[in-house]
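Enquirer: when you get a sec, could you give me coordinates for this:
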Amino acid sequence: MAAAKRISDEPAFVLHSYDWSESSLILEVFCRRQGRVALVAKGAKKPSSNFRPVLLPLQPLLVTYTLAGDGTADIHSLKGAEWVGGHVMPTGDALLSGLYLNELLLRLLARADPHAALFDAYAGVVRVLASEHGDALEPVLRSFELLLLREIGLLPSLDAQTMTFAPLQATARYTLVPEGGLRISSDADRAGLPGRQWQALQRALDDAASYTATLRACVPVAAELKPQLRALLQYHCGSPTLRTRQLMIDLQSL
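Expert: Numbering: from 1, shown residues only. Reported below is the predicted structural model:
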């Protein structure tokens, strides 16, 4: 019998975990080279398990696992996990924001579909969430939402009107809507941006260093982008409302 194929020292983040038995967990993991994969961590809930203090969300890991069967199975076996270190667990609003991004990745990324550039951007976002730079939280979230939508082909071009392909006018206002892409803002639109700012966002997304360029471009427009991107993301995620998003709303209403 051929030995099971092993994936070794794969950069990864745990997105979510589920109880599998009294002592084991099923993990949803975002890997740099393998994409989103499901792993069973046998015995991970035991107090003596080496996995127990390591398999946490928003922490950079190196994981080793073996592929089940011919590699096409849905769940593979975790054999090792090492904390890479570099930052502490985010807390407060930063923690909720990180869990929100994890839920987006779970909803929108297909299994075994690698996105190395998106993984690197996610790692950069997590470092910011774990830092003391609370003022950067909104631009960081907006930049990752843009990069995620663009990476999976759900973001229209931001330098032309989606339905007509007409170029944007620098001073005219445009709104990004789920059903129609980028269009001229109407009186009913609660948010919009001048054409020059949409064009700046598109240039940033096209930049070789797209994460840092997009983060800078989001700084002056983060508040206006938020409702537009949230509506677009919810549209593609479908019902129900994102659990982390609903939790944020409930906490704000207390």
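
Enquirer: what's around S157, how many residues?
Expert: Neighbour count for S157, taken as other C-beta atoms under 10 Å: 16. C-beta coordinates here come from the backbone N, C-alpha and C atoms, glycine included.

Enquirer: now name the helix or strand holding the nearest residue to it once chain neighbours are set aside.
Expert: Using C-beta to C-beta, 6 or more residues apart in numbering and skipping residues adjacent in sequence, the residue nearest S157 is Q202, 6.6 Å away. For Q202, the host element (DSSP states H and E) is helix 195-206.

Enquirer: for the next helix or strand after that helix, what is the average pLDDT?
Expert: Next along the chain after helix 195-206, taking DSSP H and E as the criterion, comes helix 210-218. For helix 210-218, mean pLDDT rounds to 96.

Enquirer: just stretch 239-250 next, same as before
Expert: Here stretch 239-250 scores 64 as its mean pLDDT.

Enquirer: pLDDT weak spots in the protein?
Expert: The chain contains residues with pLDDT under 70 at 1-3, 70-72, 132-134, 240, 244-254.

Enquirer: for it, which segments count as strands?
Expert: Remark: strands assigned in the chain by DSSP state E are 6-19, 25-31, 35-41, 61-66, 75-83, 173-177, 181-184, 193-194.

Enquirer: which one of the ones you listed lies closest to Y100?
Expert: Y100 lies closest to strand 6-19 among these, at 11.4 Å (C-beta to C-beta).

Enquirer: flag every buried residue along the closest one.
Expert: I7, E10, P11, A12, F13, V14, L15, H16, S17 (16 or more other C-beta atoms under 10 Å).

Enquirer: and the second one, how close does it get to A208?
Expert: Separation of E10 from A208 (C-beta to C-beta, to the nearest Å): 25 Å.

Enquirer: where along the stretch 51-200 of the chain do the helices fall?
Expert: Counting by DSSP state H, counting those that start in this stretch, one finds helices in the stretch 51-200 of the chain at the ranges 92-108, 116-129, 137-151, 195-206.

Enquirer: any idea how far the third one is from the middle of the chain?
Expert: Right, helix 137-151. Distance of helix 137-151 from the chain centroid (C-alpha atoms, centre = their mean, to the nearest Å) equals 8 Å.

Enquirer: then the shortest one?
Expert: Offset of helix 195-206 from its chain centre (C-alpha atoms, centre = their mean): 21 Å.

Enquirer: okay, the angle between that helix and helix 137-151?
Expert: Angle of helix 195-206 versus helix 137-151, following axes from the mean of the first three to the mean of the last three C-alpha atoms, to 10 degrees, is 70 degrees.

Enquirer: dump helix 195-206 to CSV, restricted to CA.
Expert: The C-alpha coordinates for helix 195-206 follow below in CSV (Å, rounded to 0.1, in the frame of the first residue of the first chain):
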residue,chain,number,x,y,z
GLY,A,195,-14.7,59.0,-9.5
ARG,A,196,-11.1,60.0,-8.8
GLN,A,197,-11.2,58.1,-5.5
TRP,A,198,-12.5,54.9,-7.2
GLN,A,199,-9.8,55.3,-9.8
ALA,A,200,-7.2,55.6,-7.0
LEU,A,201,-8.5,52.4,-5.4
GLN,A,202,-8.2,50.5,-8.8
ARG,A,203,-4.6,51.7,-9.2
ALA,A,204,-3.8,50.5,-5.7
LEU,A,205,-5.3,47.1,-6.4
ASP,A,206,-3.3,46.8,-9.6
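
Enquirer: which strands or helices does it pack on?
Expert: When contacts are defined as 3 or more C-beta pairs under 8 Å, 6 or more residues apart in numbering; DSSP states H and E, helix 195-206 packs onto helix 137-151, strand 173-177, helix 210-218.
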